[in-house]
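Novice: Would you be able to build a 3D model of this:
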Amino acid sequence: MYTLLSIQAAPALQQATAPSGLNSLLGIGAFLLMLGLLVVVHELGHFLTAIRMGIKVEEFGIGYPPRARTLFEHKGVKYTLNWLPLGGFVRFADSADGAKETLYGAGGSLAAASPWRKIAVMVAGPLMNLLLAMLIFAVIFMSMGIPVATGNQTVSQVYAGTPAAAGGLQKADVLLSLAGQSVSNPGVIGTIARANAGQAVAAVVHRSGQEVTLALTSGPWTAPDGAAFQAGFGFSYAPEVQQQQVGPLAALGHGVSYSLDLTGRMFQALGNLPRSIMGLFSPTPSPEGEPIGPVGIARATGEVIQQPGGFLAFWNLTAVLSLNLFLLNLLPIPALDGSHIVFALIEWVRGGKKVPPEKEALVHAIGFVALMGLMLLITVNDVMNALHGTPVLGGG
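Specialist: Below is the predicted model:
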């Protein structure tokens with residue numbers, strides 16, 4: 001089982017603001033800590049489930065071969081450090097013979113295991129990454145509280161030459177009410193604008209600790225992207241949130257729901273992945289962002305730990321990467337967990353008739369070579385971005 005350490009920049013990452021400069025040693029140290037945690041947790045899922053299922057494990061590896069050194073050997077399992085820091089793997093007995101006695105107990109090969117046992121072993125690795133992310137987010141929410149909408153709207157941008165700008169609305173104002181109505185439902189702002197075209201309405205905002213009442217007159221305006229509106233104010237906004245302290249159970253529940261929501265958004269973003277990969281060949285960056293590999297992740301780690309609250313930002317990034325590993329390694333990509341699951345399902349559907357081992361091995365070998373080629377391309381792109389001083393997480 002191989003773990004691929006690469007991500008498509010996710011919304012939770014892109015929201016961060018990258019500081020200038022990079023403390024290389026600190027960034028590399030934090031990245032190695034993150035890498036070790038993510039890979040060990042993933043591979044422990046495979047390892048422990050295999051032992052439980054009576055499947056013999058021969059090697060537990062950090063990084064991809066060639067092998068750098070054997071750290072130690074315990075109960076017939078070699079624990080190794082390998083040269084390519086792209087993930088990790090668990091190597092099972094490759095013989096299809098019957099069970100063999102090990103210090104862990106009777107252990108047969110993965111090839112001889114029933115399909116459902118194979119699927120359980122393969123799913124366990126990504127599932128551990130999902131559980132790790134949920135746990136990390138739960139601890140973060142327990143420390144910082146959970147975001148709760150206040151029912152107000154925070155002004156994120158006031159466009160130049162618009163009725164909102166003429167009325168004195170400013171960025172970071174908190175809109176409390178408009179035309180005497182609550183703005184807890186943001187759709188009411190557009191409704192009020194269209195219903196009161198050419199007429200001034202009262203906008204009550206919270207600014208610098210004080211309530212201020214402005215007179216905004218809805219009228220025509222043009223957005224920066226060229227979209228024209230006949231009646232509107234010309235500002236963008238987002239719900240105001242406050243951090244509410246909660247107990248461990250509520251934090252855990254929120255960590256679970258947030259992880260699932262973020263995973264869903266990542267899954268939707270996968271549709272843009274082919275375009276993002278093609279963007280690596282183009283001088284014009286893809287608007288969806290670029291996939292990043294170990295070098296990019298190491299730089300991103302260095303960027304987040306230099307932010308205010310860098311400790312929590314580091315763990316937030318770790319959780320996001322863990323979700324990436326969960327999702328990416330379940331995709332039916334040859335050499336990854338998802339591909340092994342597909343072959344096990346085929347065997348199950350065919351009543352235990354396996355795909356010829358040499359054909360399955362060929363598919364995984366070709367897939368592995370293709371993955372390494374893609375990772376090389378992504379790494380070259382990461383290095384070029386580093387040389388040009390382009391921040392990984394946006395900002396300047």
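
Novice: can you list the weak-confidence ranges in this protein?
Specialist: Scanning the chain for pLDDT under 70 picks out the ranges 1-24, 86, 94-107, 272-290, 392-396.

Novice: what's the longest strand in it?
Specialist: Across the chain, the longest stretch assigned as strand under DSSP state E is strand 57-74.

Novice: correct me, but residue 244 touches residue 145?
Specialist: Yes: Residue 244 is in contact with residue 145 according to C-beta atoms under 8 Å; the separation is 5.0 Å. Glycine gets a C-beta too; all of them are placed from N, C-alpha and C.

Novice: what helix or strand is the most centrally placed residue in the chain on?
Specialist: The centroid of the chain falls nearest to residue 320 when counting by C-alpha atoms, centre = their mean (3.7 Å). Using DSSP states H and E, residue 320 falls within helix 310-328.

Novice: Just list what that helix packs against, helices and strands only.
Specialist: In terms of contacts (3 or more C-beta pairs under 8 Å, 6 or more residues apart in numbering; DSSP states H and E), helix 310-328 is packed against strand 2-4, strand 7-8, helix 11-14, helix 24-52, helix 115-144, helix 248-269, helix 294-305.

Novice: So between residue 244 and residue 145, which is more surrounded?
Specialist: Higher neighbour count among residue 244 and residue 145: residue 145, with 16 against 12, using other C-beta atoms under 10 Å.

Novice: Pop the domain breakdown of the protein in here.
Specialist: For the chain, the structural domains run 2-145+247-387, 149-244, going by automatic domain parsing.

Novice: any idea which helix or strand comes after the longest strand of the chain?
Specialist: Note on strand 57-74: by DSSP H and E, the next helix or strand toward the C-terminus is strand 77-92.

Novice: could you give the angle of that next one to helix 294-305?
Specialist: Strand 77-92 and helix 294-305 are oriented at 110 degrees to each other (axes from the mean of the first three to the mean of the last three C-alpha atoms, to 10 degrees).

Novice: and strand 77-92, how far out from the chain's middle?
Specialist: Distance of strand 77-92 from the chain centroid (C-alpha atoms, centre = their mean, to the nearest Å) equals 23 Å.

Novice: What of stretch 244-251?
Specialist: Relative to its chain's centre, stretch 244-251 lies at 23 Å (C-alpha atoms, centre = their mean).

Novice: before we move on, back to that, and the helix holding residue 320, what's buried?
Specialist: By 16 or more other C-beta atoms under 10 Å, the buried positions in helix 310-328 come out as 310, 312-328.

Novice: Pull out the CA atoms of stretch 250-270 and give them to me as PDB.
Specialist: C-alpha atoms of stretch 250-270 as PDB (Å, rounded to 0.1, in the frame of the first residue of the first chain):
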ATOM      1  CA  ALA A 250     -19.600  19.800  20.900                       C
ATOM      2  CA  ALA A 251     -16.100  20.500  19.600                       C
ATOM      3  CA  LEU A 252     -15.800  16.900  18.400                       C
ATOM      4  CA  GLY A 253     -19.100  17.000  16.700                       C
ATOM      5  CA  HIS A 254     -18.100  20.200  15.000                       C
ATOM      6  CA  GLY A 255     -14.800  18.700  14.000                       C
ATOM      7  CA  VAL A 256     -16.600  15.800  12.400                       C
ATOM      8  CA  SER A 257     -19.100  17.900  10.500                       C
ATOM      9  CA  TYR A 258     -16.500  20.500   9.400                       C
ATOM     10  CA  SER A 259     -14.200  17.700   8.100                       C
ATOM     11  CA  LEU A 260     -17.000  16.100   6.100                       C
ATOM     12  CA  ASP A 261     -18.000  19.500   4.700                       C
ATOM     13  CA  LEU A 262     -14.400  20.300   3.700                       C
ATOM     14  CA  THR A 263     -14.000  16.800   2.200                       C
ATOM     15  CA  GLY A 264     -17.100  17.400   0.100                       C
ATOM     16  CA  ARG A 265     -15.700  20.700  -1.200                       C
ATOM     17  CA  MET A 266     -12.400  19.000  -2.000                       C
ATOM     18  CA  PHE A 267     -14.200  16.300  -3.900                       C
ATOM     19  CA  GLN A 268     -16.000  18.900  -6.000                       C
ATOM     20  CA  ALA A 269     -12.700  20.700  -6.600                       C
ATOM     21  CA  LEU A 270     -11.200  17.400  -8.100                       C
END
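
Novice: Can you give me the buried ones in it?
Specialist: 250, 251, 252, 254, 255, 256, 258, 259, 262, 263, 266, 269.

Novice: ok, residue 236 - how many residues close by?
Specialist: Using other C-beta under 10 Å, residue 236 has 14 other residues around it.

Novice: which one of the domains of the chain is the most hemmed in?
Specialist: Of the domains of the chain, the one with the most neighbours on average (mean count of other C-beta atoms under 10 Å) is domain 2-145+247-387, at a mean of 18.

Novice: distance between that one and the chain's centre?
Specialist: The chain centre lies 11 Å from the centre of domain 2-145+247-387; the measure is C-alpha atoms, centre = their mean.

Novice: Wait, the residue nearest to the centre of the chain touches residue 133, no?
Specialist: Yes: the criterion here is C-beta under 8 Å, and residue 320 meets it with residue 133 at 7.5 Å.
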